[in-house]
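A.B. asks: the following comprises the amino acid sequence and a computationally predicted model.
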Protein chains: 2
Amino acid sequence: MGLADDTKTKQVIIVRTDVEMGKGKLATQVAHAAINAYRKTRQQHPRTVSRWVEEGEKKIVLRVDGLNELMELKAVADKEKIPNVLIRDAGLTQLEPGTITCLGIGPWDSEVLDRLFGHLRLL
Amino acid sequence: MGLADDTKTKQVIIVRTDVEMGKGKLATQVAHAAINAYRKTRQQHPRTVSRWVEEGEKKIVLRVDGLNELMELKAVADKEKIPNVLIRDAGLTQLEPGTITCLGIGPWDSEVLDRLFGHLRLL
């Protein structure tokens, strides 16, 4: 995950690759996750979010192969008290209504995120 | 663009398909556009954004084949005074620094957006 830059914060979005989505659908789900995790984190940790905005709003999209792994990663974020949101598809197109597609986390301290989620592959 | 639902507002993100991006990169750029257009619209038209959140934050990702067309669509949004943001890639990976990748618009009245941008193809 670590790119060569000086930012201290980032947002992580973790996507299920076992749910088949076209690239437009995928991008929409990631955008839902990004906005909702941003809003949740801003309410609870406004200074972290301000810093992230000042740094240029780095985002990383990672992948998991299934729902169980995604829920385990959500539990990890919850245990560390990192604001996060699960995204469920409205199901108007492509997917069954309520299908969990991805997890948005933070923005949060990059070192913490790397320690917890740095083993995951980039999408 | 019109899906069979009852929402009155949506957000539109228009992506350049002539810029080669992997699907993770693409999703990241769309998420940048979504958050930044959301923030800009919220500052100027908070009630529109509140309504959009209540309606479930519908987003649509559309495509254009090049920068000229994207800039023409930005001019259309500007002329109609619809808040919008161009997204430039930081260029740490894949793209040249400063490459314009997409345009985020609104959230805004769906009928207006359909009239202005409904001729574009879904990504």
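C.D. replies: Now that the structure is in, tell me what you want to look at.
A.B. asks: in chain A, which spans are helices?
C.D. replies: Counting by DSSP state H, chain A has helices at residues A:23-44, A:46-55, A:67-79, A:110-117.
A.B. asks: elements contacting the last one?
C.D. replies: Contact analysis of helix A:110-117 by 3 or more C-beta pairs under 8 Å, 6 or more residues apart in numbering or on different chains; DSSP states H and E lists strand A:9-16, helix A:67-79, strand A:100-109 as its packing neighbours. Where you see a C-beta, it was placed from the backbone N, CA and C, and this is true even at glycine.
A.B. asks: buried set for that helix?
C.D. replies: Under the neighbour-count criterion of 16 or more other C-beta atoms under 10 Å in any protein chain shown, helix A:110-117 has A:110, A:113, A:116-117 buried.
A.B. asks: again with the third one
C.D. replies: For helix A:67-79, burial by neighbour count (16+ other C-beta under 10 Å) applies to A:70, A:73-74, A:77.
A.B. asks: any idea which of these is closest to chain B?
C.D. replies: The shortest approach to chain B among the buried residues of helix A:67-79 belongs to A:Leu70, at 15.8 Å (C-beta to the nearest C-beta).
A.B. asks: surely the closest one meets A:Gly104?
C.D. replies: No: between A:Leu70 and A:Gly104 there is no contact under C-beta atoms under 8 Å: 11.4 Å.
A.B. asks: my guess is A:Leu113 contacts A:Ile105. True?
C.D. replies: Yes: using C-beta under 8 Å, A:Leu113 is in contact with A:Ile105, at 7.0 Å.
A.B. asks: now the buried residues of helix A:110-117 as TSV including pLDDT?
C.D. replies: Below are the buried residues of helix A:110-117 laid out as TSV (pLDDT from 0 to 100):
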residue	pLDDT
A:Ser110	97
A:Leu113	98
A:Leu116	98
A:Phe117	98
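A.B. asks: so A:Glu57 touches B:Ile35, yeah?
C.D. replies: Yes: between A:Glu57 and B:Ile35 there is a contact at 7.0 Å, judged by C-beta under 8 Å.
A.B. asks: and the residue lying closest to A:Gln29 once chain neighbours are set aside, how far from chain B?
C.D. replies: Distance criterion C-beta to C-beta, 6 or more residues apart in numbering or on different chains; nearest residue to A:Gln29, sequence neighbours excluded, is A:Thr101 at 4.3 Å. Distance, A:Thr101 to chain B, using C-beta to the nearest C-beta, to the nearest Å: 11 Å.
A.B. asks: go on, A:Arg115?
C.D. replies: A:Arg115 is 21 Å from chain B, by C-beta to the nearest C-beta.
A.B. asks: cool, and A:Ile13?
C.D. replies: As for A:Ile13, its distance to chain B is 7 Å (criterion: C-beta to the nearest C-beta).
A.B. asks: just A:Lys81 next, same as before
C.D. replies: Applying C-beta to the nearest C-beta, the value for A:Lys81 to chain B is 22 Å.
A.B. asks: please apply the same query to A:Val49.
C.D. replies: From A:Val49 across to chain B, the span is 11 Å (C-beta to the nearest C-beta).
A.B. asks: that residue and A:Arg39 touch, don't they?
C.D. replies: No: if you go by C-beta under 8 Å, A:Val49 and A:Arg39 don't touch, sitting 9.2 Å apart.
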